[in-house]
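Chemist: structure of the sequence below:
(one chain, ligands or ions: 1)
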Amino acid sequence: MSILHDLAATIEARKTADPDGSWTAKLLAKGPEKCAEKFGEEAVEAIIEAVKGDRDGLTSEAADVLYHLLVMLAARDVPLQAVLEELARRQHMSGLAEKAARPGD
Ligand SMILES: N=c1c2ncn([C@@H]3O[C@H](COP(=O)(O)OP(=O)(O)OP(=O)(O)O)[C@@H](O)[C@H]3O)c2ncn1[C@@H]1O[C@H](COP(=O)(O)O)[C@@H](O)[C@H]1O
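Modeler: Okay, the predicted model is just below:
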């Protein structure tokens with residue numbers, strides 16, 4: 001299992017955990033809107049590091065963004081797998097388009 005699948009499973013389990021013992025459970029208990037707001041804050045922090053050109057800062061903020069994306073998806077019951085399948089579908093479509101552009105191949 002990839003680290004993202006592993007983390008998504010942990011976050012899913014936090015939906016029924018005690019908010020006093022887990023930051024994730026506390027954030028989920030505040031509702032999907034708060035989860036979305038936190039994702040937005042972390043995204044802006046990542047943008048700032050990217051504009052500054054701070055590679056270490058961007059690495060750290062990108063990890064925050066991925067974590068908070070998974071929390072936001074969980075809050076709205078969207079499985080990580082559905083997002084990955086959408087990416088795979090787009091990759092497939094773009095592969096078909098490239099093939100169509102080279103009819104001689
Ligand atoms: N990957 C993360 C992770 N990334 C960031 N964060 C938390 O996200 C929070 C966001 O930082 P902020 O500075 O915005 O937080 P804050 O200022 O305290 O919060 P606000 O008052 O601004 O709302 C911090 O408290 C971080 O600890 C994370 N918290 C948990 N995880 C992972 O989630 C899993 C479950 O952890 P629990 O939350 O302990 O159940 C574990 O595997 C953890 O490694």
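Chemist: tell me which element the closest residue to residue 20 other than its chain neighbours is part of?
Modeler: Take residue 20 and drop its neighbours on the chain: the residue closest to it by C-beta to C-beta, 6 or more residues apart in numbering is residue 26, 7.7 Å away. (Glycine included, C-beta is placed from N, CA and C.) Using DSSP states H and E, residue 26 sits in helix 23-29.
Chemist: now do that helix, average pLDDT.
Modeler: Helix 23-29 comes out with an average pLDDT of 98.
Chemist: buried sites along it?
Modeler: Neighbour-count burial for helix 23-29 flags 24, 25, 27, 28 (criterion: 16 or more other C-beta atoms under 10 Å).
Chemist: again, but for stretch 45-60
Modeler: By neighbour count on 16+ other C-beta under 10 Å, the buried set for stretch 45-60 is 45, 46, 49, 58.
Chemist: low-confidence ranges, this protein, go.
Modeler: By pLDDT under 70, the low-scoring segments of the chain are 1, 105.
Chemist: near the ligand, which residues of it show up?
Modeler: Residues of the chain found near the ligand (C-beta under 6 Å from any ligand atom) are 7, 10, 14, 22, 23, 24, 25, 64, 67.
Chemist: and the fourth one, what is it in contact with?
Modeler: Contact criterion C-beta atoms under 8 Å, 6 or more residues apart in numbering gives residue 14 as the residues in contact with residue 22.
Chemist: quick one, phi psi at residue 77?
Modeler: phi 60, psi 40 (degrees, to the nearest 10).
Chemist: so what's the residue count around it?
Modeler: 10 (other C-beta atoms under 10 Å).
Chemist: residue 75 now?
Modeler: The number of residues packed near residue 75 is 22, by other C-beta under 10 Å.
Chemist: then residue 34?
Modeler: Residues near residue 34, counting by other C-beta under 10 Å, number 16.
Chemist: thinking it is in contact with residue 40, fair?
Modeler: No. Assessed by C-beta atoms under 8 Å, residue 34 is found out of contact with residue 40, at 10.6 Å.
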